[in-house]
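Participant: Pasting the sequence and the predicted coordinates here, then a few questions.
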Amino acid sequence: MTFVSVAVPVPYLDPLTYNVPGRFPTPPPVGARVRVPLGNRAVTGCVVGAPSSFDGDATPRDLLDIVDEEPFLPPAIVELCAWVAEYYVAGLGDVIGAAMPPGSQRASAYKMQHIVALTDAGISALSPSANTDQQVRLTPRQRSVLETLAAVTAGLPLVALRERGASADVVRRLAARGLVASREEHVERDPFGRTSGMDVTRDGDRSLTGEQQAAVDTLTGILDAGGFRVALLHGVTGSGKTEIYLRLADRVCANGKQVLLMVPEIALTPSVVSLFRSAFGTRVAIQHSGLSDGERHDQWQRIRQGSVDVVVGTRSAVFAPLNNVGLIVVDEEHDTSYKQEEVPRYHGRDVAIVRGQTAGALVVLGSATPSMESYQHALSGKYAHVTLGRRVLDRPLASVRLVNMREEYADAGPDVVISRELAEALQDRLDRREQVLVLLNRRGYATAVFCRQCGDTFECPNCSVSLTVHRAGRGWRGRCHYCDYSMEIPRSCRKCAAPYLEQAGFGTEKVEQQLRDQFPAARISRIDRDSVRRKGALTRLLSTFAAGEIDVLVGTQMIAKGHDFPRVTLVGVISADVGLGLADFRAAERTFQLLTQVAGRAGRGEQLGEAIVQTLYPEHYSIVLACQQDYPAFFEREHAFRRAMRYPPDVAMVSVVVRGRTFDEAMDAAVNIVTALKPAATRARFHLLGPAPAPLGRLRGEHRVQCFLKGTRRAEMRHALKAVLQRMPELRRRVTVDVDPLSML
Ligand code: ADP
Ligand code: ZN
C-alpha cells in the first residue's frame with residue numbers, strides 16, 4: 001500500500017493520510033494537487049509528503065483523483081509552507097492555500113494542460129529509415145503513442161492520450177529519450193494592460209551618486225561571494241534605493257538567477273513597478289490582490305514555467321514559484337502591511353528571509369525607517385549594514401517645524417484643525433503653484449457623536465468601539481471600522497429627543513471640508529480607504545496628482561508611502577499624536593516611522609521641501625527625533641524603553657486571543673489554556689501574561705480574552721502552545737494565535 005500525506009483546505013488541520021489506490025500506477029509527487037474525501041465531501045488538497053509510517057486506528061481512505069502528475073507547487077515552496085505552518089502555529093492547509101494562485105483548489109480546478117507533441121527525433125523514429133542502424137527501438141505501446149501523435153501536428157493534451165490508453169509512464173519515457181516534448185498551454189491575460197498614467201522609464205545610463213555606488217559595490221560583493229546573507233539597506237527618503245535594487249537585479253539576472261521584489265502595496269508603489277517593467281520588459285511578472293483571479297493565475301503559471309526573471313509582488317509573492325532565486329528585495333521592510341492579519345498570520349519579510357536562506361540568496365531589506373528588529377540585527381553584525389545618508393543630487397531633506405497645538409487652541413479656540421502657521425504655508429504653496437500633502441491618519445468626519453443633554457453615545461452593537469461619523473449626502477452615517485456595521489445618525493437624540501447631537505474628534509473628511517472652506521480656489525482631493533473603495537480609484541487619484549491636476553491631497557498613511565512626487569514642497573501633518581494614544585508598545589515606533597516617511601515626501605524635486613507637524617506633545621521623543629530625522633538616536637531611545645519593559649526585539653511574544661459567545665466562556669477557556677501552559681512556562685522559562693479582556697473586548701459579536709507568552713526561547717513557547725491546543729481540539733477554532741504580533745488589540 002502507498003500512502004501520501006495531504007494538506008487539505010480546512011482551518012488549523014494538520015495534513016491527513018490517504019491511500020493511493022492501485023488504479024494509479026504512480027503515486028502523486030510532493031506538490032501535486034489531489035482530490036480527496038473529507039467527511040462526506042470531496043476537496044482538493046496538496047500532497048505534502050509520503051508519511052513515514054501510519055499508525056492510526058482506521059485504515060486511511062483512498063484518494064479520489066490525481067489532479068497533477070507533476071508537482072503543481074514546487075517542492076521547495078511546500079517546504080517553505082511547512083516552515084510557516086510550524087513557526088506561526090497555523091494549519092499547513094491554510095498556508096498552502098495562501099501559496100497557491102486563487103481558484104486552484106476549486107473543484108473545477110484549472111488543470112495544468114500538458115500538451116504532448118512529437119519532436120523531430122520522434123518523427124524520424126517513426127519513419128522507416130534506409131539506415132537500419134539508426135532505427136530507434138520502440139515498444140509496441142511507445143510506437144502506438146508516437147503514431148497517435150503523428151496524426152495531430154499541434155499535439156494532444158496528456159489527458160487525451162491517457163484516454164487512448166497511453167500511460168503517463170510511457171509518455172515520460174518517450175520524453176526522456178527526446179522523442180516527444182510537452183508544453184503547457186494557456187491563454188495569457190496582460191495585467192499591464194491598464195496604464196496607471198504614472199509610467200516611469202528607466203534611465204539606464206544614469207550615473208550613480210558616490211554613496212549609491214559604494215552601496216552597490218558592497219552588495220555586489222556579497223552577491224558574488226554567493227550564499228545566503230541578509231543586508232539592511234538603510235537609506236534616507238529620496239536617497240535612490242530603487243536604482244540600487246535595479247542594478248543588483250541586473251547582475252543577478254545576468255548570472256542566470258531570478259529576483260523577487262516585494263513591495264508593501266502595488267497601487268501605492270506604481271513607479272517601482274513601472275521602473276522594473278521598463279528594465280525587464282516581459283520577463284517581469286506581477287503578483288498582487290488587485291489582479292483578477294484569472295490574471296493572477298496566468299502570472300503564476302508564467303513564473304512556474306520559468307518564463308520570468310523578476311517577480312514583483314506584495315507579501316504573498318514570497319511564495320512565488322521561482323526555482324532559482326538569487327536575490328530577494330523587501331522594499332520598505334518596516335511596513336506593517338507585510339504582516340498578514342488573518343490566518344495564516346505570517347510576516348512576509350520574515351518568511352522572505354527564510355526563503356533566502358534555503359535558496360542561498362541575498363536578501364536586501366530596504367527602508368529609511370527600519371524596524372527595530374532589523375536594525376538591531378544590523379548593529380549586531382548579523383545583517384550587513386549599508387547606509388545611504390544623503391538624498392540624490394545633494395537635495396536636502398525637508399526641514400520640519402513643530403506647531404504646539406496647545407498654544408494654538410489657547411489662542412485661536414478649541415475647534416482649530418489647521419493652524420495659522422500651516423494655513424499660511426499652504427497659501428504660499430498655492431500661490432507658487434506647488435503641491436501639498438496633508439496627513440491625518442484617521443478616516444471619517446468625526447470620531448464620535450453624543451447627546452449633549454443625556455450623554456447618549458453611538459456604539460457598535462457588535463464591537464466595543466464607538467461608531468465613526470461619515471458624511472452621507474446631506475446627513476450622517478455612523479460606521480464601525482471593524483465589522484462595517486452602519487446606521488443613520490438621527491438629527492435628534494434617540495433617548496431624550498434633545499434636538500442637537502454633538503460630534504467629537506475629526507478625521508480626513510473633516511480636514512478636506514475645512515481646506516475647501518479655507519481655500520475655495522484650490523483643487524483638493526482625498527485618499528483614504530473610503531475614497532478609494534472603487535477599483536482603480538487609487539491609481540486614478542495618484543496619477544491625477546502626479547499630473548499636477550490636484551493642488552492639495554489629503555489622506556491617511558496611504559499618502560506617506562514611497563511616492564516620488566517632485567512638485568510636492570509642503571507636507572502638513574494635522575495631528576502627529578493619532579497613534580500615540582494607543583495601548584501598544586510600538587506606538588512610538590509607528591509614529592516615528594509615519595512622520596519621517598511623510599516628511600520624506602517633500603522636497604524630492606528641485607524645490608526645497610518643508611514639513612509642518614501639529615502636535616499636542618511637542619516634546620515627545622518620537623516626534624522630536626522624527627523632526628530631526630535622526631533614526632539612530634530614535635533607535636537608542638526606543639531600544640532602552642523596550643529593554644526596560646521587556647518587549648521585542650529583545651524578547652519574543654506570542655499573542656493568544658480566545659473568543660466566546662459570552663465573556664465567561666472566553667475567559668474560562670483562556671484560563672484553561674494558561675493553566676495548561678504553566679508547567680512548560682516554568683520549565684522553558686517563559687512568562688505568561690493574562691488572561692485579561694483584550695483591548696478590543698468585543699469584536700463582531702464575540703467576546704475576546706487575551707494572554708501573552710513572552711520569553712527568549714521562541715521555539716519552546718510555540719511547541720508548548722501547540723501541544724496544549726492539540727489537547728483541546730474543540731477549542732482550537734476559537735483561539736487566534738499570533739506569533740510576533742504587530743497588533744496588540
Ligand atoms: P528612495 O526609495 O530611496 O526614497 P527613490 O529610489 O524613489 O528613493 O529615488 C528618489 C529620486 O531620485 C527618484 O526620482 C529617482 O529617479 C532619483 N534618482 C535616483 N538615483 C539617481 C541618480 N543617481 N541620479 C539622479 N537621480 C536619481
Ligand atoms: Zn463593529
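Facilitator: Received, thanks. Ligands and ions are numbered 1, 2, ... in the order given.
Participant: Go through stretch 214-233 and flag the buried ones.
Facilitator: Judged by neighbour count using 16 or more other CB atoms under 10 Å, the buried positions of stretch 214-233 are 215-216, 218-219, 222-223, 228-233. Yep, even glycine has a C-beta here, placed from its N, CA and C like the rest.
Participant: Over to stretch 503-513?
Facilitator: 505-513.
Participant: Name the residues that touch it?
Facilitator: For stretch 503-513, contacts defined as CB atoms under 8 Å, 6 or more residues apart in numbering pick out 417-418, 438, 440, 442-450, 468-471, 524, 526, 528, 530, 554-556, 574.
Participant: again with stretch 706-722
Facilitator: 86-87, 89, 646, 650-658, 670, 673-674, 677, 680-681, 684-695, 737, 739.
Participant: ok, of those residues, which come out buried?
Facilitator: 87, 89, 651-658, 670, 673-674, 677, 680-681, 684, 686, 688, 690-691, 693-694, 737, 739.
Participant: can you narrow these to ones near ligand 2?
Facilitator: With the criterion set as CB under 5 Å from the ion, no member of the buried ones among the contacts of stretch 706-722 is near ligand 2.
Participant: quick one: buried residues of stretch 340-357?
Facilitator: 340, 343-356.
Participant: the longest strand in this structure is where?
Facilitator: strand 687-699 (DSSP state E).
Participant: which residues make contact with that strand from outside it?
Facilitator: With contact meaning CB under 8 Å, 6+ apart, strand 687-699 is reached by 462-465, 482-483, 583, 657-659, 663, 667, 670-671, 673-674, 677-678, 681, 703-711, 744-745.
Participant: so which of those are also by ligand 1?
Facilitator: The subset of the contacts of strand 687-699 within reach of ligand 1, counting by CB under 6 Å from any ligand atom, is empty.
Participant: if I read this right, Arg601 contacts Thr237, doesn't it?
Facilitator: Yes. If you go by CB atoms under 8 Å, Arg601 and Thr237 touch, sitting 7.5 Å apart.
Participant: ok, which residues in the stretch 451-600 of the chain are in contact with ligand 1?
Facilitator: Residues of the stretch 451-600 of the chain lying near ligand 1 (CB under 6 Å from any ligand atom): 562, 564.
Participant: my bad, should have said the stretch 151-300 of the chain
Facilitator: Going by CB under 6 Å from any ligand atom, the residues of the stretch 151-300 of the chain near ligand 1 are 206, 208-209, 212, 235, 237-243.
Participant: biggest separation within those residues, which pair?
Facilitator: Spanning the widest gap among these are Arg206 and Thr237, at 18.9 Å by CB to CB.
Participant: Just want to know which of these two has more residues nearby.
Facilitator: Neighbour tally, Arg206 and Thr237, criterion other CB atoms under 10 Å: the higher count belongs to Thr237, 24 against 12.
Participant: Name the nearest residue to that one, ignoring sequence neighbours.
Facilitator: Among residues not flanking Thr237 along the chain, Gly600 sits closest, at 2.5 Å (CB to CB, 6 or more residues apart in numbering).
Participant: hang on, isn't that neighbour packed against Ser239?
Facilitator: No. Using CB under 8 Å, Gly600 makes no contact with Ser239, being 9.6 Å away.
Participant: Out of the contacts of stretch 503-513, which sit inside helices?
Facilitator: Residues of those located in helices (DSSP state H): none.
Participant: Filter those residues down to the ones in strands?
Facilitator: 438, 448-450, 468-471, 524, 526, 554-555.
Participant: Pick out whichever of these sits closest to ligand 2.
Facilitator: Thr468 (10.3 Å; CB to the ion).
Participant: partners of that closest one in the sheet?
Facilitator: Beta-bridge partners recorded for Thr468 (DSSP bridges): Arg479.
Participant: ok so, going back, go through the ones in strands among the contacts of stretch 503-513 and say which is closest to Glu70.
Facilitator: Each of these was scored against Glu70 by CB to CB, and Gly555 proved nearest at 46.7 Å.
Participant: Next up, the contacts around that closest one.
Facilitator: Counting by CB under 8 Å, 6+ apart, Gly555 touches 437-440, 508, 526-528.
Participant: Can you list the residue ranges for helices in the stretch 251-400 of the chain?
Facilitator: 270-280, 293-304, 348-359, 372-380 (DSSP state H, counting those that start in this stretch).
Participant: typed the wrong thing, it's the stretch 601-745 of the chain
Facilitator: For the stretch 601-745 of the chain, the helices defined by DSSP H, counting those that start in this stretch occupy 621-627, 631-645, 663-684, 714-726, 729-732.
Participant: Comparing the ones you listed, which comes out most buried?
Facilitator: Across the helices of the stretch 601-745 of the chain, averaging neighbours per residue (mean count of other CB atoms under 10 Å) puts helix 621-627 on top, at a mean of 22.
Participant: helices and strands around it, which ones?
Facilitator: Packing partners of helix 621-627 (3 or more CB pairs under 8 Å, 6 or more residues apart in numbering; DSSP states H and E): strand 399-404, helix 587-599, strand 610-615, helix 631-645.
Participant: Ligand 2 is nearest to which of these?
Facilitator: helix 587-599 (22.7 Å).
Participant: and the residue of the stretch 201-350 of the chain found nearest ligand 2, what does it touch?
Facilitator: Nearest residue of the stretch 201-350 of the chain to ligand 2, counting by CB to the ion: Glu341, 15.9 Å away. By CB under 8 Å, 6+ apart, the contact set of Glu341 is 742-743.
Participant: quick one: it and ligand 1, what's the gap?
Facilitator: Glu341 is 26 Å from ligand 1, where distance means CB to the nearest ligand atom, to the nearest Å.
Participant: Kindly report the same for Thr468.
Facilitator: The value you get for Thr468 to ligand 1, if CB to the nearest ligand atom is used, is 32 Å.
Participant: gap between that residue and Ala504?
Facilitator: 11 Å (CB to CB, to the nearest Å).
Participant: which residues are in contact with both of those two?
Facilitator: 446-448.
Participant: ok, and the most crowded of those?
Facilitator: Ala446 (21 neighbours).
Participant: Now Gln597: closest residue in space that isn't a chain neighbour?
Facilitator: That would be Ala560: by CB to CB, 6+ apart, it lies 4.6 Å from Gln597.
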